[in-house]
Every structure is written in C-alpha cells, then in structure tokens.
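J.: the sequence isn't on hand, but the structure is:
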C-alpha cells in the first residue's frame, strides 16, 4: 500500500436504521405522550375546580372523568401492538372528547376563554407533533372549531357575538393548523425520500467497498493508514489491524514508501507504481498502486488515497516469458557465434574467391545482426526479471571504445562510412561491468549504422565533464522528429524512421537500463535531416563507490 495508499481506512460503516417518518412506532409513541398529558391536565383542572369550590363540581367532575376514561382506554389499547390507522382513530376520538367536554365545562362555568385556548392548543399540537397528513388535521380543525363555536354560542349569547370576539382570531389559528400540517407532511415525505436515497446509496457504496477486488486505502500525510478495504485480507491482514499503523509495515522495500510520497507531493498523483508488499505470513507479492493527494476545503493536503491491483500473476507470467526467451536466445546464440566466426574467417582468407567473399560478408552481416538481436533479447529478459547482475571493476572507457571501433571498422569501410574516433587521453577510469558497457556502446554504434547512409560518417568521442566520464556516438543520419524522441528509450518503441529497419526496438531501452544501473545517464540530441548524437555519462572511479 502506498503513502499513496492514502485517505481514511474506515471501519465497516454501521447500517442506518430503517427509519420512515410517520412509521407506527413514532406515531403511537407521540399519541401515548399526548394521552398522558391529557391525564395530567385533567388532574390540574380538577384541583382548580376543588380550590375554587365551584357549585357545579359534580357535573364538572363527570366531564373530566370522560376525558380520563378516554385517555386510560387509549393507553390501554396502545400497550399492545397497534396499527397506525387505529392510533389515528383513537387520536380523533380523544380530540373530540377533550374538545366537547372542555366546551361543556366552559358553558357550565360561563367561561369563554378556556375552550378557545385549549382547542387552539390541541389543533396546533396535533399539527406539529403528530406525523400525519392534512386530511386528518382537517378533521381535528373541524372538531375543535365546532367546540369553540358551541362554547361561544352559549356563553356569549349567539353566533353574531363571535364576529367581535377574539375567538375569531383563534379560529384562524385553528384553520391554519391544517396548512401547517400539510407543510410538515410534505417536509417529512421529502425527508423520507432523502433518507431512503441516502440509505440506498450507502448500501450500494458499502457493497462496492466490501466486494471490490482491488484494495482501497486512505492514509494521513505521515503515512498512517486510516481506511483500508476488506479486500486487504488477500494479503493476510484484517482491516482493523492495519488501521492506525504506518504504511511502511507492508512494504518489502521501505524506500518505495518514500518514493511514493515524494512523487505525490511533486505531481499530486501517481499511476501504476509497481512495488513489492509483505504479506502477513512473510511472503512477498507484487502490486501496482495508483494514488493521489487528498485536499481539504481550503486546498490544503490532508492525506493520500488510492487503490492497489495485485499483479503477482502478471509478474509470474513475465518471468516465465523472460525465462523462455532467455532459453531460446541462449540456444540460438551458440550456433550463431560459430557461424559468424567461420564465415568471417573464410571471408578473410586469400584462398576465397572474390565473389564468394562477398557472399560470405553478407552472411556474416546477417549473422552479426541476428546475434545482436539475440543478445538484446537476453539482456531484456534479465532486465524484466530484475536480474541485472553487474560485475564492476575500474576500466578504461577509451580502450573499450577503441576495440569497438576496430570491430566495426571493416563494416563501415565496405559502406564507405567514415568511422572517426576522437578520444581525450588520460581519462579517469569508470567503475563498470565491461560486458554490460560493451553492450551499451555496441547498441549505439549498431543503431548509428542502421541510419547512416552509405558515404556518411559516424563519430565516437570521449571526454570528461565534472566528476563524470562521457562518451558519445554521433551520425549524419536522417535525425529524429521531436515528437518521436520520447519513444526512443521505451521498450519496443520505434520512431517513424526506425520502422523500416531491422530490429525489435529494444536496443535503446537496454542502453538506458544498463547505463542507469551504473549510476549514469544517457541523453540524445537530434536535428531532423541533420543527424543524431547519443551521450552516455558515467561516474568516474573517484566519484563511485565500489560495487
């Protein structure tokens, strides 16, 4: 996982409860609370009647007893499982009894204030507290309004008196409760839909998260793992045991973690970085990670997140292919070497007729070309398998270049190509593998020979730049278009001019890999229609630690 395994390994997200606004449990509970309030208010009103020593204490008591009986009956019914519809009818019954008995009490005591106040409170309370629709609230509004009208008609002396009584304003409040209930109902329905959509989205996301084959991760900036998907179990770990741990615990090469962090801070994202991971059982697997920085709302980086794809199977296949190619190339190289040797020997013999000598030279050229291809395939197989083994020791680069010039001198002469060697004497040694460096410069010279026209020139130079020894191979071939330059050092990458030439497109890829394995670099300078120059820079022995 990389530091790039970044952004927040979350513990499995708990499922949201299946909430539906207006569900029976919510509605019934609120009705139950309302009935208890009815009981409590009756007790207070009964105490008030006793304190005031009303003459009509007995009738008032029976009216309040009716309210109590309805409340007790309702509470008894609500103790068992009750459907929502039954709770609605129970509510309407309770509102009817409370409104009627309150109005009757007001008529008995000539009270025109308590009934409007209580009925208005009932209408507004049911509208705001009970999760039901406007049609049920309309029934409450009608019941409470009738109670207010009945009370006012008897206490105030007729309906006409209502026009100037504050109860008109109260009636408006009762009527507005219907609108309020409708608004709240729409809001609840919208909330219900939003919760359902959120729950569906969460379930879908959880399903993707828990069943994804790749490993998702999120880390803090310091590399601490905060989220990891359950698919990390393929490496033997449980998500919980990695959360809070530094990501380096799963790297086989701790330097990979720092390379990932550096690349992410510089580029903000990283694609297909190949690394090796340590499984819990100690085994090592190959993985490819793609990750990016995570920013907060102020644009500040707060972590990394990304995914891992297990590429162990691909790596095994690549290794098998590399081993197969190495075996084939090795078996072909030996007889080719024999053919090339005898052909060259025969072509240089004075006893060989001139016409036969020309044929032998053509055979030798083809054999050398095929031998170079085989060597490149062998080298490529080693590079792919990560098996570049260098036996380094101090060597004179000038001597290697002189031998190379001698080997290709005759071939250049046949094509009337001027092969020029310009070496700076007394250069410091380089710490290198002679076989690998011979392959580097052989590939560069062969590449130059492919593109240099008959009668052209190739120049090999050496020199020193600071702590490095440099060598270059230049030609006056067709040059390379600027858009083709990035493809030069890519395996199987071939520019437009190279597509008509023999070869597999591995030469420059191998050059770059071997030079970098020596701690050096290779650059190219080219002008279309003028020529190309490759420059290899290698650390001098004094600046290189022994391998």
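T.: Noted; the coordinates are in hand. Predicted model, so just to flag it, every value in this text is computed and none were measured.
J.: hmm, residue 443 is touching residue 512, no?
T.: No: using C-beta atoms under 8 Å as the test, residue 443 is too far from residue 512 to be in contact (10.1 Å). (C-beta placed from N, C-alpha, C; glycine too.)
J.: those two - which one has more neighbours?
T.: Legend: neighbour count by other C-beta atoms under 10 Å for residue 443 and residue 512, higher for residue 443 (24 against 20).
J.: can you classify the more buried one by secondary structure?
T.: Under DSSP: H, G, I helix; E, B strand; the rest coil, residue 443 falls in the helix class.
J.: wait, residue 218 sits on residue 307?
T.: No: assessed by C-beta under 8 Å, residue 218 is found out of contact with residue 307, at 10.6 Å.
J.: where does pLDDT dip in the stretch 51-200 of the chain?
T.: 51-55, 80-82, 159-172 (pLDDT under 70).
J.: what do you get for the stretch 251-400 of the chain?
T.: 322, 325-326, 329-330, 333, 369, 372-373, 375-388.
J.: ranges for the helices of it?
T.: Here the stretch 251-400 of the chain has its helices, by DSSP state H, counting those that start in this stretch, at 254-267, 312-348, 354-384, 397-414.
J.: any chance of those helices in TSV, plus distance to residue 179 and mean neighbour count?
T.: TSV is the format used below for the helices of the stretch 251-400 of the chain (distance: least, C-beta to C-beta, whole Å; neighbours: other C-beta atoms under 10 Å):
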stretch	distance to residue 179	mean neighbour count
helix 254-267	57	16
helix 312-348	67	15
helix 354-384	76	17
helix 397-414	94	16
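J.: can you put those helices in JSON lines and add distance to residue 508?
T.: Converted to JSON lines, the helices of the stretch 251-400 of the chain look like this (distance: least, C-beta to C-beta, whole Å):
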{"stretch": "helix 254-267", "distance to residue 508": "24"}
{"stretch": "helix 312-348", "distance to residue 508": "19"}
{"stretch": "helix 354-384", "distance to residue 508": "10"}
{"stretch": "helix 397-414", "distance to residue 508": "17"}
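J.: out of these, flag the one nearest residue 480.
T.: helix 354-384 (19.8 Å; C-beta to C-beta).
J.: dump the residue contacts of residue 130.
T.: Residues counted as contacts of residue 130 (C-beta atoms under 8 Å, 6 or more residues apart in numbering) are 27, 30, 31, 34, 91, 136.
J.: if we go to 6 Å?
T.: Residue 130 sits next to residue 30 when contact means C-beta atoms under 6 Å, 6 or more residues apart in numbering.
J.: give me the sheet partners of the longest strand along the chain and which way each runs.
T.: In the chain, with assignment by DSSP state E, the single longest strand is strand 284-295. Strand 284-295 sits in its sheet next to strand 269-278 (antiparallel), strand 301-310 (antiparallel), going by DSSP bridges.
J.: which of the ones you listed is buried the deepest?
T.: Ranked by mean neighbour count, these are led by strand 301-310 with a mean of 21 (mean count of other C-beta atoms under 10 Å).
J.: got the angle for it vs helix 254-267?
T.: Per axes from the mean of the first three to the mean of the last three C-alpha atoms, to 10 degrees, the angle that strand 301-310 makes with helix 254-267 is 130 degrees.
J.: off-centre distance for strand 301-310?
T.: With C-alpha atoms, centre = their mean, to the nearest Å as the basis, strand 301-310 stands 6 Å off its chain's centre.
J.: same deal with stretch 143-153?
T.: Computed by C-alpha atoms, centre = their mean, the chain-centroid distance of stretch 143-153 equals 66 Å.
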